[in-house]
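A.B. asks: give me a model of this one.
(2 chains)
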Amino acid sequence: MDSVLWSVGGWTHDRNNVYELFMGSIAMKAILIMVLQRLSLGFLTLFVVSVIIFSAVELLPGDLAQEILGQSATPETVAAFRAELGLDKPAVQRYGQWLFNVASGDFGHSLANGRAISELLASRVGNTLFLAAYAAIIAVPLSLILGILTALYRNSWFDRSVNVLTLSSISFPEFFIAYILILAFAVKIPLFPSLANIYPDTPLGDMLYRAALPVMTLVMVVVAHMMRMTRAAIINVLASPYVEMARLKGLSPFRVIVKHALPNALAPIINVIALNLAYLVVGVVVVEVVFVYPGLGQLLVDSVSKRDVTVVQAVSLIFAATFILLNLVADVLAIVTNPRLLNPR
Amino acid sequence: MLDNILTIRGLKITAKIDGIDSDIVHGIDLDLKRGEILGLIGESGAGKSSIGLAAMGFTRNGCKISAGEIDFDGLDLARATEKQKQNLRGVRIAYVAQSAAASFNPAHRLIDQYAEAPLSHGLSNALESKQEAIELYRKLQLPTPEEIGFRYPHQLSGGQLQRAMTAMAMSCKPDLIIFDEPTTALDVTTQIEVLSAIRDIVREYKTAALYITHDLAVVAQMADRIQVLKDGRAVEMSETSKMLAAPQEDYTKTLWAVRNFQRREKAFDPKDIILSLNNIDASYERHGPKILNDVSIRVVRGQTLAVVGESGSGKSTTARVLCGLLEASKGELVFNGDVLPLNYRKRDKSTLKNLQLIYQMADTALNPRQTLLQILGRPLEFYLGLKGEEKNARVAQLLEQVELEPKRFLNRYPGELSGGQKQRVSIARALAAEPELIICDEITSALDQAVNESILNLLNRLQEDLNLTYIFITHDLATVRAIADEVVVMWQGKVLEQSTTEALFSPPYHEYTERLLSSVPQMDPQWLDELLLQRAKAEAI
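C.D. replies: This next block holds a predicted model:
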């Protein structure tokens, strides 16, 4: 653990390793304490989330037994089926039982079809992460580069048009963008498939090709936010005396921005990137449904309509954990990139 | 002309103020020979910094060079392309800014920032420039020159940073350095070290310099010639010794005049103690280092007590402890005969009302989104329960007391005021509570001489009218002499002495007090040399 974070900081310097080691170890301790605090808070959050999800699903009208057997079933059959599924026990008891199982690593079985949830999730999690990573690999560098360039050429026609484009793309609902892209690139110019149906044995190249349209949609949705924060954070720093000093040292405008403004603007940028990465995992429900992509989002929608409480809870917990983890990573990165916090006086 | 490194003719600089173009520099001529140091002096708003930056072909946002020539060694910087200017900046003309703490990039090590100009202009390689940096750090008498460059800016003190910045300016051995108030933010004892370091290095490398300052005594030590500026216009220019001996223009004479501020004679009872601090200890972290160590101070009702010391001496911490913003870890505070709770949350309203604080930075102490009516109305409501018409009338009265016309100012925002006016509003806000004691934390140090004096006069008049007691925290000994009845000298969190102002400024001095007093720059151009010589001798013995 130590050595990993050490190299992230990049603070090993050939000339005064001893000094750095000493200072570094103090900062390292602080970071570790913070990580542990956040993790325990994270578990608390997960617990609260699970309670909320469980109650929310409880509050929905109708239940699984009714849903499976249909309207024509007699009350007796429904009651018998409920007893079989364990639905007749009080909610608190069912929740306690479920929580105990999860804590011991067993997500349980789907109420709808009896399959093990871990088995259900396995391929779905992979698919969703693949889609998120695919979109992130394009969106993060793209928005950083656009942010830097628009800050560099601020108020030029380039800046304005990038701003107008990204703002428009974020202003439309995702499904609208998705259908527009399908219309443009699957129907009019048939470049990509309109359905992103992938299977466990689909080769990587094929997966990249089939997921192209959902990824384009996601990129368009998240780029605006990250790019505008990069631009704003850099421009904010451009007013500071050390940037004026950098200019008076005769550095090129590009170097002034990348070397002097960007490192001091990182903290807000990192936070926004983390939020958007979390969104790529958690917020893809609509996109997955539109493109019939077999990810977690679709699974969640299906399970809610089937009142499959155990699956809904498992998926929600995964979403919540993603949020917590990514925010934790953002906080640690913000510290590691700030020499003031890393190197005390 | 031929041996001029910099020749400025008819320089005009225009700024956009409230959407209207107006000149801030009206046609300035300057000549600077190779290796010469020219002092630019004037009050704030005189256009000193704008001229200094223009000498690099640079203007701040919203400003532009609207006319004139800036001939730097044959190239007119007013008309040169960005590329041409880029190639000069940092290489042949370098800049040393007022606040080194703000002008070093907090994200990079000092030595990397030093090496940046030589590397990016292709003049040196990494190893070579680092060795040169260490050499310069040594010459500028920075501690542990081999290591100090590998630290980040926040790990150095203000005086060290200012020297590191001078080293950075020297990195390409420029022909000209612009020093823009390099010692203004430093206290007197640190200022001396930086001044002598800058002067030695500039002499050694025969670098020409524009030395910008508002402090005559400082420029007298540094410059060969002095140019006096006022409101963007040249007032007069001559050799330093001539200028000091016989200033020609009236304006220059007012700069020269010793502050003619008369303290009134007050009648007070030395036994009437309004506030006493008894054996106060304080630190910012639990079990952290003690910032205040056994501090005991007595304040007599109706007097002005000055607290002086260099930065880090615990002056402002004392103010925070008094207000209860920082809870003292030991000791007691007695106000009007009652022992005060050490935390302001536990104090009753009448105590809070009677102890008011005025901050150094009026800019940050006033809410920019509230009008003066709201800013001054709030304490009236909170402490005195005034409402509606009654409140508005009192706000108007307060503004009159601090010599601001109520009709014009009631509905203004702080952003629409000058520095001096903002500080007047801060004073009015403190007065609103009708306090008995006001703590003034460096309230004049961000203001220039003339404004400074008018604020001191105002405080003096208010003291007379309202029988106020002041605790005046400052590092400026001239202000102390002007306003204080008693003085407390602090050093490293301890009170060194408390005495009357007369006693403090006449021998025999306390050892540290003497060092502080002797560090205040004098007009005599030989002063720095003689002082350094004296101190060297004293150390030799």
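A.B. asks: in chain A, where's the longest helix?
C.D. replies: Looking across chain A with DSSP state H, the single longest helix is helix A:17-59.
A.B. asks: which residues are in contact with the nearest residue to residue B:413 once chain neighbours are set aside?
C.D. replies: Nearest non-adjacent residue to residue B:413, counting by C-beta to C-beta, 6 or more residues apart in numbering or on different chains: residue B:371, 6.0 Å away. (Each C-beta comes from the backbone N, C-alpha and C, glycine too.) Residue B:371 sits next to B:410, B:411, B:412, B:413 when contact means C-beta atoms under 8 Å, 6 or more residues apart in numbering or on different chains.
A.B. asks: low-scoring pLDDT stretches of the stretch 201-350 of chain B, where are they?
C.D. replies: Residues of the stretch 201-350 of chain B meeting the criterion pLDDT under 70: B:256-267.
A.B. asks: now the helices for it?
C.D. replies: Along the stretch 201-350 of chain B, the stretches classed as helices by DSSP state H, counting those that start in this stretch are B:216-222, B:240-245, B:250-256, B:315-323, B:349-354.
A.B. asks: tell me which other helices or strands the longest one touches.
C.D. replies: For helix B:315-323, the elements it packs on are strand B:273-282, strand B:292-300, strand B:304-308, strand B:355-358, strand B:437-441, strand B:469-474, judged by 3 or more C-beta pairs under 8 Å, 6 or more residues apart in numbering or on different chains; DSSP states H and E.
A.B. asks: and the fifth one with strand B:304-308, angle?
C.D. replies: Read that as strand B:437-441. Strand B:437-441 runs at 30 degrees relative to strand B:304-308, counting by axes from the mean of the first three to the mean of the last three C-alpha atoms, to 10 degrees.
A.B. asks: ok, the second one next?
C.D. replies: Using the same axes, to 10 degrees, the interaxial angle of strand B:292-300 with respect to strand B:304-308 works out to 160 degrees.
A.B. asks: tell me the helices and strands packed up against strand B:292-300.
C.D. replies: Strand B:292-300 packs on strand B:273-282, strand B:304-308, helix B:315-323, strand B:469-474, strand B:486-491, strand B:494-500, going by 3+ C-beta pairs under 8 Å, 6+ apart.
A.B. asks: what's the closest non-adjacent residue to the residue in the stretch 201-350 of chain B that chain A sits nearest to?
C.D. replies: Ranking the residues of the stretch 201-350 of chain B by distance to chain A (C-beta to the nearest C-beta) places residue B:289 first, at 11.4 Å. Distances taken as C-beta to C-beta, 6+ apart place residue B:283 nearest to residue B:289, at 6.0 Å, with adjacent residues excluded.
A.B. asks: related to what we said a few turns ago, which of the helices and strands packed on strand B:292-300 sits most buried?
C.D. replies: Of all the helices and strands packed on strand B:292-300, strand B:304-308 has the most neighbours on average by mean count of other C-beta atoms under 10 Å in any protein chain shown, namely a mean of 26.
A.B. asks: just the C-alpha atoms of that strand, please, in CSV.
C.D. replies: The C-alpha trace of strand B:304-308 is given here as CSV (Å, rounded to 0.1, in the frame of the first residue of the first chain):
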residue,chain,number,x,y,z
THR,B,304,-3.7,54.0,23.3
LEU,B,305,-1.5,51.0,23.9
ALA,B,306,0.6,50.0,21.0
VAL,B,307,1.8,46.4,20.6
VAL,B,308,4.9,46.2,18.4
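A.B. asks: who are the contact partners of residue B:111?
C.D. replies: Residue B:111 touches B:130, B:133, B:149, B:150, counting by C-beta under 8 Å, 6+ apart.
A.B. asks: which residue, other than its chain neighbours, is closest to it?
C.D. replies: residue B:149 is the one closest to residue B:111 (C-beta to C-beta, 6+ apart), at 3.1 Å.
A.B. asks: which outside residues touch the worst-scoring helix or strand of chain B on mean pLDDT?
C.D. replies: Ranked by mean pLDDT, DSSP states H and E, the helix or strand of chain B with the weakest confidence is helix B:250-256, at a mean of 75. For helix B:250-256, the external contacting residues (C-beta under 8 Å, 6+ apart) are B:41, B:216, B:228, B:230, B:235, B:236, B:243, B:244, B:247, B:449, B:523.
A.B. asks: among those, which ones are buried?
C.D. replies: Buried members of the contacts of helix B:250-256, scored by 16 or more other C-beta atoms under 10 Å in any protein chain shown, are B:41, B:216, B:228, B:230, B:235, B:243, B:244, B:247, B:449.
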